[in-house]
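Participant: Sharing a model that was predicted from the sequence below.
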Amino acid sequence: LASASPPPPAAKAPSPLQTEVLDDLVALSLSFPLQPPEDQPLLWHHTLQTLVAHLPLPHKTYEWGAPVEGQGSRQQALAFTCAILPVTAHLFTNSIPPRVQATVFETVFCGLLLALCAKHSLAQPEMWRAAAEALVKVASAGAMAVNGSEEMGEEEKRRVWLTLCRALRSLILPAEHDILPEAREALEHVHVGEQVDMVVAHCIVYDLLPLAPSREVERALLGIVEGAVNDLMAIPTVAVSKRPQSYRFHLADQCLEALFDLASNQAFAPEDDKGSEEEQGSEEEVQRSEAMAQRSLALAQLAAPALLLCCHKILLEYVRDEAEASTCPLPRARTEQVVTAARRLQALELEPEVSRHLFEELCPSARNPPAAPPQQADAKDEPRAPREEMGMGRSGRRSHLLLLYGPMCQSISSNNPMLRDSLRSMLEIIGWEVGLGGLSWTGTIGRAGRAPDGPDVYHQASATPP
């Protein structure tokens, strides 16, 4: 590979000899399973390291990834780099046995991510797309191999997963000074870079998150998605530069939608009419479905607080920035983000278990509710509205709206009519959830269970999310 008559850097395709060498390498790998078992890991390690060594490196070093020896030292033509990437992914996913996949996964994954992080310094959109496609194929296959490995200890698996999380964060959420100006001189490059980030973000949510082995890893992966949503709020209210910026609205919108999918327990909903009736009715299939349902519910409980805090920040920061920029409208991306978030909040219904978990997570007083007001001597023994019902509402599925009541009230003064319309509808839903306007005891007497002018003994429990 190193001496395979490289064509000029501007060549549109690899040289004939480069193509022949790559084809021979794939054919040769078919004989690896015929070698002694103790020799196979070494053969695969050397083969994949050789391929990764021909990939580019970013302009900075990362603590999570030591490059393969020689990686980045060879100035290969772009066409040859794009040809190596699918070969690497094909060999890893289709040829290597799982026990070897687990041992080489970190090397291959970090090598591909280092090549992909080169998009912060190299304007090569063709290579970005090829690297993202290869990364997605390697990620899910390698993660499953690591989880199922009997040779790797639990601490080693944890280290590999956390390294993976740090690497993905460096790609999706780079510091502004990490992106060189030449990497985004053209608006087309900025758009392609955002599309690549969207492909990787989709892989994080729908491929890696279901395979995460612990809450620690789940939180790290969700933190990347949450960070991409919050990153959009860094857009200044006034343009400060004519240079194309990396304000990735479509990425932020995709990640916000993913949080809604996760919180609503719809991200991993089984498809209808999948498989034959015998397969659906088999014991193994039933157990698999039940395990996936429990996993999906656990992820929903983890994603709901992150979603609520994102929406809390979106509403309050939009109203604040709108007031500060009273002489000029906010960027369109910010307006579309807050309107979309409000409409999705209005339509969102949580599973009762998720709603209860969200209420207890963001309202600590729910776990230790204050004592009920003392009864008067002549008071009748009449029913009281339970504290839990007050926090979760009648339906038990919209605690997110009740917890966002404060930000909604502050946002109702917005100049955006679409936002105000969604807020009005949500406040009406909140009124129904707590019994206002109906014949319930709560709607007639109030939360304290006494006259409207009585003391608000539950005032501390009405705090909004931090």
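Facilitator: That came in fine, so what should we check first? Numbering: from 1, shown residues only.
Participant: what about Ser411, how many residues close to it?
Facilitator: 23 (other Cβ atoms under 10 Å). Just so you know, the C-beta spots here come from the backbone N, C-alpha and C atoms, and that holds for glycine as well.
Participant: Check whether it really touches Arg320, as I assumed.
Facilitator: No. Between Ser411 and Arg320 there is no contact under Cβ atoms under 8 Å: 10.0 Å.
Participant: Which strands or helices does the one helix or strand Ala102 maps to pack on?
Facilitator: Ala102 belongs to helix 98-117 when elements are defined using DSSP states H and E. Packing partners of helix 98-117 (3 or more Cβ pairs under 8 Å, 6 or more residues apart in numbering; DSSP states H and E): helix 40-52, helix 78-94, helix 125-148, helix 154-172.
Participant: Adding mean pLDDT, write those out as CSV.
Facilitator: Formatted as CSV, those follow (pLDDT from 0 to 100):
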stretch, mean pLDDT
helix 40-52, 90
helix 78-94, 90
helix 125-148, 94
helix 154-172, 94
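Participant: Switch these over to TSV; also include distance to Thr327.
Facilitator: Formatted as TSV, those follow (distance: least, Cβ to Cβ, whole Å):
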stretch	distance to Thr327
helix 40-52	53
helix 78-94	47
helix 125-148	38
helix 154-172	34
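Participant: Please name whichever of those helices is nearest to Glu226.
Facilitator: helix 154-172 (11.0 Å; Cβ to Cβ).
Participant: Pull out the buried residues from the helix or strand just after that closest one.
Facilitator: Sequence-wise, the next helix or strand downstream of helix 154-172 (DSSP H and E) is helix 187-203. Within helix 187-203, the residues that count as buried by 16 or more other Cβ atoms under 10 Å are 189-190, 192-198, 200-201, 203.
Participant: What is the subsequent helix or strand relative to helix 187-203?
Facilitator: Taking DSSP H and E, what comes next after helix 187-203 is helix 215-231.
Participant: Kindly export that next one (C-alpha atoms) in CSV.
Facilitator: The C-alpha trace of helix 215-231 is given here as CSV (Å, rounded to 0.1, in the frame of the first residue of the first chain):
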residue,chain,number,x,y,z
ARG,A,215,-26.0,4.6,33.4
GLU,A,216,-22.6,6.3,33.3
VAL,A,217,-22.2,5.6,29.6
GLU,A,218,-25.9,6.5,28.9
ARG,A,219,-25.5,9.9,30.6
ALA,A,220,-22.3,10.5,28.6
LEU,A,221,-24.0,9.8,25.3
LEU,A,222,-27.1,11.8,26.2
GLY,A,223,-24.9,14.6,27.2
ILE,A,224,-23.6,14.9,23.7
VAL,A,225,-27.1,15.1,22.3
GLU,A,226,-28.2,17.6,24.9
GLY,A,227,-25.1,19.7,24.2
ALA,A,228,-25.9,19.8,20.5
VAL,A,229,-29.3,21.3,21.4
ASN,A,230,-27.9,23.9,23.7
ASP,A,231,-25.2,24.8,21.2
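Participant: Grab the longest helix from the chain for me.
Facilitator: helix 283-324 (DSSP state H).
Participant: which residues sit in contact with Asn94?
Facilitator: Contact analysis of Asn94 by Cβ atoms under 8 Å, 6 or more residues apart in numbering lists nothing.
Participant: actually Phe249, sorry about that
Facilitator: Contacts of Phe249 by Cβ under 8 Å, 6+ apart are 232, 333, 336-337.
Participant: buried subset of the residues you listed?
Facilitator: The buried subset of the contacts of Phe249 (16+ other Cβ under 10 Å) comprises 232, 333, 337.
Participant: okay if I get these as CSV plus pLDDT and distance to Gly142?
Facilitator: Conversion of the buried ones among the contacts of Phe249 to CSV gives the following (pLDDT from 0 to 100; distance: Cβ to Cβ, whole Å):
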residue, pLDDT, distance to Gly142
Leu232, 74, 31
Ala333, 84, 35
Gln337, 90, 34
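Participant: Isn't Ala252 up against Gln337?
Facilitator: Yes. Counting by Cβ under 8 Å, Gln337 is a contact partner of Ala252 at 6.5 Å.
Participant: who touches both of those two?
Facilitator: Leu232.
Participant: tell me the contacts of Leu419?
Facilitator: Applying Cβ under 8 Å, 6+ apart, the residues near Leu419 are 318, 338-339, 342, 411.
Participant: which element is it on?
Facilitator: helix 417-434.
Participant: now Gln18
Facilitator: Per DSSP H and E: helix 16-29 holds Gln18.
Participant: Tell me which other helices or strands that helix touches.
Facilitator: Looks like helix 16-29 contacts helix 40-52, helix 78-94 (3+ Cβ pairs under 8 Å, 6+ apart).
Participant: As CSV, those with distance to Lys60 would be great.
Facilitator: Below are these laid out as CSV (distance: least, Cβ to Cβ, whole Å):
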stretch, distance to Lys60
helix 40-52, 18
helix 78-94, 19
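Participant: residue ranges with poor pLDDT in the stretch 101-250 of the chain?
Facilitator: 183-185, 233-247 (pLDDT under 70).
Participant: can you name the two of the contacts of Phe249 that are farthest apart?
Facilitator: Leu232 and Glu336 (9.7 Å).
Participant: So Glu150 versus Pro125, what's the distance?
Facilitator: Per Cβ to Cβ, to the nearest Å, Glu150 is found 41 Å from Pro125.
Participant: oh, I was asking about Pro213
Facilitator: From Pro213 to Pro125 the distance is 34 Å (Cβ to Cβ).
Participant: Between these two, tell me which one has more neighbours.
Facilitator: Pro125 (18 against 15).
Participant: quick check, Phe268 in a strand?
Facilitator: No. Assessed with DSSP: H, G, I helix; E, B strand; the rest coil, Phe268 is coil; it does not lie in a strand.
Participant: Counting neighbours, what do you get for the residue nearest to it when sequence neighbours are not counted?
Facilitator: Distance criterion Cβ to Cβ, 6 or more residues apart in numbering; nearest residue to Phe268, sequence neighbours excluded, is Ser296 at 4.5 Å. When counting by other Cβ under 10 Å, one arrives at 19 neighbours for Ser296.
Participant: Ser296 contacts Ala267, doesn't it?
Facilitator: Yes. Ser296 is within contact range of Ala267, at 6.8 Å (criterion: Cβ under 8 Å).
Participant: Off-centre distance for stretch 92-102?
Facilitator: How far stretch 92-102 lies from its chain's middle: 26 Å, per Cα atoms, centre = their mean, to the nearest Å.
Participant: and it, which residues are buried?
Facilitator: 92, 95-96, 99-102.
Participant: Which of the residues you listed sits closest to Ser399?
Facilitator: Ala102 (41.0 Å).
Participant: Could I get the phi/psi values of the residue nearest to that closest one when sequence neighbours are not counted?
Facilitator: In this structure, Ala102 finds its nearest non-sequential neighbour in Ser149, 3.8 Å apart by Cβ to Cβ, 6+ apart. Main-chain torsions, Ser149, degrees, to the nearest 10: phi -70, psi 130.
Participant: And for Ser355?
Facilitator: According to degrees, to the nearest 10, Ser355 has phi -60, psi -40.
Participant: cool, Gly65 as well?
Facilitator: phi -140, psi 110.
Participant: Who are the packing partners of the longest helix of the chain?
Facilitator: Short answer (3+ Cβ pairs under 8 Å, 6+ apart): helix 283-324 packs on helix 215-231, helix 249-263, helix 332-347, helix 352-362, helix 399-403, helix 405-411.
Participant: This completes my enquiry, with thanks.
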